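Asker: what's the 3D shape of this:
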Amino acid sequence: MTRENAKKLLPIITAYAEGKTIQVLLNPEGWTDSIGGLGFDSPPELYRIKPEPRIFNAVIDPDSSVMVVRESATDKELRDWTPIKLLEILD
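Answerer: Here you go, the predicted structure:
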């Protein structure tokens, strides 16, 4: 392993030590969760920390259309709306 590769892999190895899921790019279909031990003997570009889905606050208006809440929206503007949470789906 070169020093440059070690620098690139350091955040991934740290995340692995902390128990986070590491993904490996094994084939053209995309990223795969690693299972078992990792040797980190492939190029750094083939590893990544599995992204965490984000949660967005949104509201449903009385007509059932969805609008993501902006920070500028006031409680008065949204009083007839139902609050919901949206979970981002990652591939």
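Asker: Mean pLDDT per element in the protein, and the minimum belongs to which helix or strand?
Answerer: Ranking every helix and strand in the chain by mean pLDDT, DSSP states H and E puts strand 66-68 at the bottom, with a mean of 67.
Asker: for the helix or strand just after that one, packing partners?
Answerer: The C-terminal neighbour of strand 66-68 among helices and strands, as given by DSSP states H and E, is strand 82-87. Applying 3 or more Cβ pairs under 8 Å, 6 or more residues apart in numbering; DSSP states H and E, we find strand 82-87 packed against strand 55-60, strand 66-68. To be clear about C-beta, it is placed using only N, CA and C from the backbone, and glycine gets the same treatment.
Asker: who's in contact with residue 45?
Answerer: Residue 45 is in contact with 8, 25, counting by Cβ atoms under 8 Å, 6 or more residues apart in numbering.
Asker: now do 10 Å
Answerer: Applying Cβ atoms under 10 Å, 6 or more residues apart in numbering to residue 45 gives the contacts 5, 8, 25.
Asker: Same question for residue 31.
Answerer: Contact partners of residue 31, counting by Cβ under 10 Å, 6+ apart, are 22-25, 46-48, 50-51, 90-91.
Asker: what about 6 Å?
Answerer: Residues in contact with residue 31 (Cβ atoms under 6 Å, 6 or more residues apart in numbering) are 23, 25.
Asker: In which helix or strand does it reside?
Answerer: Assigned by DSSP H and E, residue 31 belongs to strand 30-33.
Asker: And that strand, what's buried?
Answerer: Neighbour counts over strand 30-33 (16 or more other Cβ atoms under 10 Å) mark residue 31 as buried.
Asker: Quickly run through the sheet partners of it, with directions.
Answerer: Take DSSP bridges as the rule and strand 30-33 pairs in its sheet with strand 22-27 (antiparallel).
Asker: ok, residues contacting the strand it pairs with?
Answerer: Residues outside strand 22-27 that contact it (Cβ under 6 Å, 6+ apart): 16, 31-34, 46-48, 50.
Asker: How far away from the center of its chain is stretch 57-67?
Answerer: How far stretch 57-67 lies from its chain's middle: 24 Å, per Cα atoms, centre = their mean, to the nearest Å.
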